[in-house]
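Novice: Sequence below, structure please.
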Amino acid sequence: MRRSSAVLLAVVISVAQLVAQQAQRLPNVANSVKFAVIGDNGTGDQPQYEVGAQMVKARVSFPFDTVLMLGDNMYGSQEPADFVKKFEQPYKMLLTAGVEFFATLGNHDNQLNRYYRPFNMGGERYYTFAKKNVRFFVLDSDALDPKQLDWIEGALQRSTDEWKICYFHHPLYSDGGTHGSAVELRVVLEPIFIKYGVSVVFSGHEHFYERLKPQKGIHYFISGAGGQLRRGDVVRSEFKAAAFDQDQSFMVVEIAGAELFFQAISRAGQIVDSGTFRRSGPNL
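Specialist: Next up is the predicted model:
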């Protein structure tokens, strides 16, 4: 029995090493847009701190200056002391280095969190910001009302940025056994994204990492294991391109011209998925 366990462990380690060896390297070029992605992170537990430590390690060689937060930034109590334990301490070294965090709200977040200055929401439920040739559109998928839909359509229509990236909490496509795809949101949002040339969508809510096969020209990612983990929750479907549900994780992303490069990194520092793709559309 012990020998079987040892053999199994050796196989797991070998597979992890093979994935790391075959990982797509980030070009790490000057003047590119570099950012990290976390979701469902605000537990205040040890795994969140360990993911934060891996983010610091990643930044040594890949100096990202921005972190996208995909919601459920705070679980449980959300008093001032909780913001210290569940945000400021886990990411202290990043914050001290001047890294900016831009949050969206999840179903566990108090709406008042949008006034918390380090989340950079400016008191709004939905907003937009730009980094060089990339514009990010941040939505509140927990309360998608007509006013917000009018806003996102207008904001996307006005944007002349080369890259349009949307992020929010609930995934339009998901192979999660617990939640799955938010089809009601997809029916409303996807036609708008297609019409105005959105290239990438990031979501959380599912407590794992998943990369979906491009859907109607859009690349979808789930990164919801920054603190929480739902081990073994990914089910098999035609949507899945890659997934990792065995440990907490985060993403690092680089956009250089018309190319996007990404890596998903586990709490142990292993690269569990990586790749690159070119933006489709005009002006290429």
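
Novice: can you give me the strands in the stretch 51-200 of the chain?
Specialist: For the stretch 51-200 of the chain, the strands defined by DSSP state E, counting those that start in this stretch occupy 66-69, 100-103, 127-131, 134-138, 163-167, 200-203.

Novice: What I need now is those strands written out in TSV, including mean neighbour count for each item.
Specialist: Using the backbone N, CA and C atoms, a C-beta is placed for each residue, glycine as well. Converted to TSV, these look like this (neighbours: other Cβ atoms under 10 Å):
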stretch	mean neighbour count
strand 66-69	24
strand 100-103	20
strand 127-131	17
strand 134-138	22
strand 163-167	24
strand 200-203	26
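
Novice: Save those strands as a markdown table, and put in mean pLDDT too.
Specialist: Converted to a markdown table, those look like this (pLDDT from 0 to 100):
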| stretch | mean pLDDT |
| --- | --- |
| strand 66-69 | 98 |
| strand 100-103 | 98 |
| strand 127-131 | 98 |
| strand 134-138 | 98 |
| strand 163-167 | 98 |
| strand 200-203 | 98 |
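
Novice: For the stretch 151-284 of the chain, just list every one of the helices.
Specialist: 183-195 (DSSP state H, counting those that start in this stretch).

Novice: Can you pull the poorly scored residue ranges out of it?
Specialist: 281-284 (pLDDT under 70).

Novice: what would the strands of the stretch 51-200 of the chain look like in JSON lines with distance to N41?
Specialist: JSON lines is the format used below for these (distance: least, Cβ to Cβ, whole Å):
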{"stretch": "strand 66-69", "distance to N41": "7"}
{"stretch": "strand 100-103", "distance to N41": "10"}
{"stretch": "strand 127-131", "distance to N41": "20"}
{"stretch": "strand 134-138", "distance to N41": "16"}
{"stretch": "strand 163-167", "distance to N41": "14"}
{"stretch": "strand 200-203", "distance to N41": "13"}
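
Novice: quick one: which of these is nearest S174?
Specialist: Shortest distance between S174 and the strands of the stretch 51-200 of the chain, using Cβ to Cβ, is found for strand 200-203: 7.8 Å.

Novice: Direction included, what does that closest one pair against?
Specialist: strand 163-167 (parallel), strand 219-223 (parallel) (DSSP bridges).

Novice: Name the residues that touch that strand?
Specialist: 37, 39, 68, 70, 141, 163, 165-172, 174, 193, 218-224, 260 (Cβ atoms under 8 Å, 6 or more residues apart in numbering).

Novice: Next: stretch 87-104.
Specialist: 41-42, 44, 48-49, 51-52, 55-56, 59, 64-71, 73-74, 113-114, 118-121, 129, 136, 138-141, 167-169.

Novice: again with stretch 269-284
Specialist: Residues contacting stretch 269-284 (Cβ under 8 Å, 6+ apart): 16, 19-20, 23-25, 54, 57, 162-163, 197, 199, 209, 211, 214, 217, 219, 242-244, 249, 258-266.
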